[in-house]
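Novice: Build me a model from this:
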Amino acid sequence: MTDSTNWKTMPLIIITALGMLLPLVGTRAMASSEVLQSPLNRLDMRRSTKLEVAGVVPLQLDREQLDRIRDLEHVTLLDFPVEFGQSLDLHLHRREITRPWSRIVSMRKTRDGRIKEVPLDAPDIVLLGGTVIGVEDSLVSLAIDDTGVQGYMKVGTHQYIVATKPGFPPMIYRTDLAGHLVDLAEHFCSTPDPADPVGHGTATASLVPGECREISIALETDYELLGNVFGGNVTATLNYLAALMSAINEIYVEQLNVHMYASYIRLWETPDDPWTQDGGTGDQLGEFRNYWAANMNSVQRDLAHFISGRSLGGGVAWLPGLCGDFAYALSANINGSFPIPIEDLNDQNWDLMVVAHEFGHNFGAPHTHSIGVDGCGNNDCSQLPGTIMSYCHLCSGGLSNILLEFHPTNRDNMWALLDSVDCDYGGFSGPPLAVNDTVTTTNDTGILLDVLRNDIEANCEPITLVGFDSTSSQGATISLSEGSGPDGRDQLLYEPNTSISGTDTFEYVIRNAALFPQEASATVSVDIDSFRPAENPTGDTPGIRVDYYQLEPLSVLPDFDTLTPIGDEIQPEVDFSSTGGEFINSGLSDDVGAVFSGWITVDTPGFWTFYLESDDGSRLLIGDEVVVDNDGLHPMQERQGDIGLEAGTHAIRIEFFERGGGAGIIARWAGEGVSKQVIPASAWSHGGEIIADPDFNDDGRVDGEDLGVLLGAWGTKNAIIDLDGNLLIDGGDLGVLLGAWTG
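Specialist: Numbers count the residues shown, from 1 in each chain. All right, here's what the predicted structure looks like:
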């Protein structure tokens, strides 16, 4: 459908007829979305020596900001701190680890000695998952409640753990900086490896998701988890189980296209639980399986997992376990929080790793050292880093050697099992989530919109675009571009007219492929912008000027205007890989700053994307507008930004600093007819002068309107209206304008 009237008024006959039976079917949920500051901020406190050594950043929770997030389906969090002097922007979606039909209970002893099942509410915790904005290879899982936060972030080649433990503030740290202070048992898993693993020997080169599956998980516990690990706090126990499952689900969705949810959770408030095997994980797994096979057949599940607070030696699972009588696993020695790398707490367990590992066995993945992927389990550490099914934590560096992902061979093991079993893992129907979009264009430039890109399947049912406004709120034309998007997705073509200004809007509708389809709608906001005019200097020459500075140890970019350079030169382009030696020709290898200044020429008007990859911080400005902000302490990391530019030569400035270790900076661009690439030498120039026309509004006169433009920019650096060539808008420019006055 292409007419908005049709989808807004057409009766859904089948849905209406079944409305009494399926009250949720046919509802159109508007997904709420906001851009907010992070509810976690760096804690202003005197850090202990232990924290400094471990590279840990203490955090504080803004509870008012947390309350704003609670009811949002989608949120962009700005300035989420990850290291001292560095923060990231996150694009997150609300996650749920239960379904409306999930059963959550606690076993409680009554006064007459009976053990009674008491229903519990769903966990009261904000679960968020998503990605880091501007980082293609990224993954985020955060679980936040009033007591703190647990979470995991993958940012390129780096991993971060966010954790809260009683007696400590929330903390975030990079595992490669602090992993040696967190322990796993040497051989934490008792699962034996089969002689011929399913799918062994067919390693896949890249992540290519298989068919979408949804797996229901029943979570069993013991009294020791609630009573000992969490001090009898039912809410804290449930919230932690939710945080743990949410993080594991995020990994399994990204790695395998497998969605997990908890169909059942049981806690024990009494020591009189049925678990009597304290000899080890194998004995307890057997008792768990026998008890559940005899007593728990009413619980809908694909897998059952025992989360134990006892010290049984780690974990164990049946390999494989899916789709049969041995769909069980056990994870013991549970710590009760994501690990904090403090020296006097180094006996703690990494619960996320253990549980994800045991689930991996159920899905058909053996240990990597048993199938020739690495030798970490056999005292051979030559093939680091390891993955979820490896024992590379035994090597020097501990958990810093472990990536929370599956090796391609393990993924093949798991996909082979999923493809071979007879069980149906299609999942249950749920409404899709349509996410609002914001784009920028000019009123004479059409734009193709991939509106389905960030919309979310609530389960394994694909979503399609089924309706949209054919005319926007300001009269732009919207039409269907069938199959033109990535993976053959439909896109929408937005074609404005010259009368449109400000923000224009229209709506679209998606539908899932369930037996009884469900819909969701979202709003597209189109910001109408004008392209930045070019300065077009005369007398400029090839190359970009770079000024070098000797800095004090810093964690963010300084104000270079207050500093004196120690040298300068002209470089043909900005393309310097990270090196531990001298930075370019500065004479410095540490605590060095650089400012690249001059001009950049674009041949075609349009929206251009600029990329800065740097170690450490950097910033790119076109004129006085910050386009890319990559500030802070970090290894080579790329950030990007967009700006609309008229054809011609524009003022550009790139600021850079490095504190210690490697130093490098590379500037790239992509735009109209130009694929992403290092900005070529032909685009850079420096020097020359600008002779601005005092008739700023091009009406043929120099009068009060032009004077108003000048006074509005007074005291700023603005090459476009600089009339005397010193870049600063001041009395000299006023004199030139008054000398050209026509009235």
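Novice: Tell me the confidence at residue 719?
Specialist: For residue 719, the pLDDT comes out at 64.
Novice: Please apply the same query to the one 5 residues further on.
Specialist: In this model, residue 724 is scored at 77, pLDDT.
Novice: could you list every residue that touches it?
Specialist: Listed by Cβ atoms under 8 Å, 6 or more residues apart in numbering, the contact partners of residue 724 are 732, 733, 735, 736. The C-beta positions use only the backbone N, C-alpha and C, and glycine is treated the same way.
Novice: who wins for most neighbours among the residues you listed?
Specialist: Neighbour counts for those (other Cβ atoms under 10 Å) peak at residue 733, which has 22 neighbours.
Novice: show me what contacts it?
Specialist: 710, 721, 722, 723, 724.
Novice: Helices - which of these land there?
Specialist: If you go by DSSP state H, the contacts of residue 733 have residue 710 in helices.
Novice: For the contacts of residue 733, please prepare JSON lines with the additional fields distance to residue 472.
Specialist: As requested, those are arranged in JSON lines below (distance: Cβ to Cβ, whole Å):
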{"residue": "710", "distance to residue 472": "36"}
{"residue": "721", "distance to residue 472": "34"}
{"residue": "722", "distance to residue 472": "38"}
{"residue": "723", "distance to residue 472": "40"}
{"residue": "724", "distance to residue 472": "44"}
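Novice: and residue 275, how many neighbours?
Specialist: Neighbour count of residue 275, defined by other Cβ under 10 Å: 19.
Novice: got it, and residue 502?
Specialist: Neighbour count of residue 502, defined by other Cβ under 10 Å: 9.
Novice: Next, the buried residues of stretch 702-719.
Specialist: 702, 703, 706, 707, 709, 710, 713, 718, 719 (16 or more other Cβ atoms under 10 Å).
Novice: Contacts for that stretch next, please.
Specialist: 535, 537, 623-624, 651, 690, 692, 694-697, 699, 721, 727-730, 733-734, 737, 740-743.
Novice: all strands in the stretch 1-150 of the chain, in order from the N-terminus.
Specialist: Secondary structure of the stretch 1-150 of the chain by DSSP state E, counting those that start in this stretch: the strands cover 28-30, 33-37, 40-42, 57-61, 74-83, 86-94, 98-109, 115-119, 126-132, 138-145, 148-155.
Novice: so which of those comes closest to residue 175?
Specialist: Among these, the nearest to residue 175 by Cβ to Cβ is strand 148-155 (9.4 Å).
Novice: what pairs with that closest one, and is each one parallel or antiparallel?
Specialist: strand 138-145 (antiparallel), strand 158-163 (antiparallel) (DSSP bridges).
Novice: tell me the domain ranges of this structure?
Specialist: Using the TED database, the domain ranges for the chain come out as 31-98+120-174, 213-365, 437-529, 541-686, 704-740.
Novice: for those, which one ends up most surrounded?
Specialist: Ranked by mean neighbour count, these are led by domain 213-365 with a mean of 21 (mean count of other Cβ atoms under 10 Å).
Novice: you'd agree residue 284 is in a helix?
Specialist: Yes - counting by DSSP: H, G, I helix; E, B strand; the rest coil, residue 284 is part of a helix.
Novice: Please state the offset of stretch 394-402 from the chain centre?
Specialist: Per Cα atoms, centre = their mean, to the nearest Å, the displacement of stretch 394-402 from the mean C-alpha position of its chain is 24 Å.
Novice: same check, this time on stretch 374-386
Specialist: For stretch 374-386, the distance to the chain centre is 29 Å (Cα atoms, centre = their mean).
Novice: one step back: any chance of the strands of the stretch 1-150 of the chain in JSON lines, with mean pLDDT too?
Specialist: Output for the strands of the stretch 1-150 of the chain, formatted as JSON lines (pLDDT from 0 to 100):
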{"stretch": "strand 28-30", "mean pLDDT": "31"}
{"stretch": "strand 33-37", "mean pLDDT": "80"}
{"stretch": "strand 40-42", "mean pLDDT": "87"}
{"stretch": "strand 57-61", "mean pLDDT": "87"}
{"stretch": "strand 74-83", "mean pLDDT": "88"}
{"stretch": "strand 86-94", "mean pLDDT": "88"}
{"stretch": "strand 98-109", "mean pLDDT": "93"}
{"stretch": "strand 115-119", "mean pLDDT": "96"}
{"stretch": "strand 126-132", "mean pLDDT": "93"}
{"stretch": "strand 138-145", "mean pLDDT": "93"}
{"stretch": "strand 148-155", "mean pLDDT": "91"}
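Novice: Include distance to residue 522 when you put the ones you listed into JSON lines, please.
Specialist: Listed next are these as JSON lines, based on distance: least, Cβ to Cβ, whole Å:
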{"stretch": "strand 28-30", "distance to residue 522": "7"}
{"stretch": "strand 33-37", "distance to residue 522": "8"}
{"stretch": "strand 40-42", "distance to residue 522": "28"}
{"stretch": "strand 57-61", "distance to residue 522": "30"}
{"stretch": "strand 74-83", "distance to residue 522": "10"}
{"stretch": "strand 86-94", "distance to residue 522": "13"}
{"stretch": "strand 98-109", "distance to residue 522": "23"}
{"stretch": "strand 115-119", "distance to residue 522": "35"}
{"stretch": "strand 126-132", "distance to residue 522": "16"}
{"stretch": "strand 138-145", "distance to residue 522": "22"}
{"stretch": "strand 148-155", "distance to residue 522": "26"}
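Novice: Residue 518 is nearest to which of those?
Specialist: With distances scored as Cβ to Cβ, the stretch of the strands of the stretch 1-150 of the chain nearest to residue 518 is strand 28-30 (8.1 Å).
Novice: The contacts of residue 724 into CSV, with extra columns for distance to residue 37 and pLDDT?
Specialist: Formatted as CSV, the contacts of residue 724 follow (distance: Cβ to Cβ, whole Å; pLDDT from 0 to 100):
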residue, distance to residue 37, pLDDT
732, 41, 88
733, 38, 87
735, 44, 89
736, 43, 88
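Novice: Point out the ones among those residues that are inside helices.
Specialist: Those of those lying in helices (DSSP H): 732, 733, 735, 736.
Novice: between the residues you listed, which is nearest residue 290?
Specialist: residue 733 (87.4 Å).
Novice: And the closest one, how close does it get to residue 726?
Specialist: Per Cβ to Cβ, to the nearest Å, residue 733 is found 9 Å from residue 726.
Novice: Of the strands paired with strand 148-155, give the one that comes closest to residue 249.
Specialist: strand 138-145 (8.0 Å).
Novice: Next, the angle strand 126-132 makes with that closest one.
Specialist: 160 degrees (axes from the mean of the first three to the mean of the last three Cα atoms, to 10 degrees).
Novice: Surely residue 373 and residue 406 touch.
Specialist: No - judged on Cβ atoms under 8 Å, residue 373 makes no contact with residue 406 at a distance of 10.3 Å.
Novice: Which of these two has more residues huddled nearby?
Specialist: The residue with more neighbours, out of residue 373 and residue 406, is residue 406; 26 against 21, by other Cβ under 10 Å.
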